[in-house]
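>>> fold the stuff below for me.
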Amino acid sequence: MQEAIERYCDVMIGISRTALEARRHTIRRNLRIGVLILAISLGVGAGLANAEFLSPGLRGLLANAVSILGTVALWTPVDNLLFGLPPLARAVRIYEAIKALAIELRFTQDQSRMLLLNAESRDRPITALPMRP
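Prediction:
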């Protein structure tokens, strides 16, 4: 059983690491595109703010609208960077911790409940936890 758990954890660690690297690659690509769009929109906004052929109110409105467009272009990459990577990295750590456990399971007399008799990690042992099937 221990070997099966370790194999499962190895597979899940590989899947999680692959997903993490793919997400990092996507975030880097999207950040480059977002920064480029932001730079272009700020340049266009500055040009619109100085456009003499537009009324002052329209210049301000268009300059702000284009600047907001550039900011929104960065929204998803920054969101993925801040909130998309940590769950994937956490999954890798969890599977590594599960893989490091030494687990011993035994069934009770009536076979309706299982006891986790021993799950030792490097930090502390866990003994006699009732588990529901």
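>>> does the residue in the chain sticking out farthest from the centre belong to a helix, a strand or coil?
Within the chain, the residue lying farthest from the chain centre (Cα atoms, centre = their mean) is residue 53, at 47.2 Å. Here residue 53 is coil, with the state taken from DSSP: H, G, I helix; E, B strand; the rest coil.
>>> quick one: the helices in this protein?
For the chain, the helices defined by DSSP state H cover 2-49, 56-73, 75-79, 85-100.
>>> which elements pack onto the first one?
Looking back up the chat, that one is helix 2-49. Helix 2-49 sits against helix 56-73, helix 75-79, helix 85-100, strand 102-107, with contacts defined as 3 or more Cβ pairs under 8 Å, 6 or more residues apart in numbering; DSSP states H and E. Every residue, glycine included, has its C-beta placed from N, CA and C.
>>> turn the ones you listed into a markdown table, including distance to residue 21 and mean neighbour count.
Formatted as a markdown table, these follow (distance: least, Cβ to Cβ, whole Å; neighbours: other Cβ atoms under 10 Å):
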| stretch | distance to residue 21 | mean neighbour count |
| --- | --- | --- |
| helix 56-73 | 24 | 15 |
| helix 75-79 | 16 | 14 |
| helix 85-100 | 9 | 14 |
| strand 102-107 | 29 | 12 |
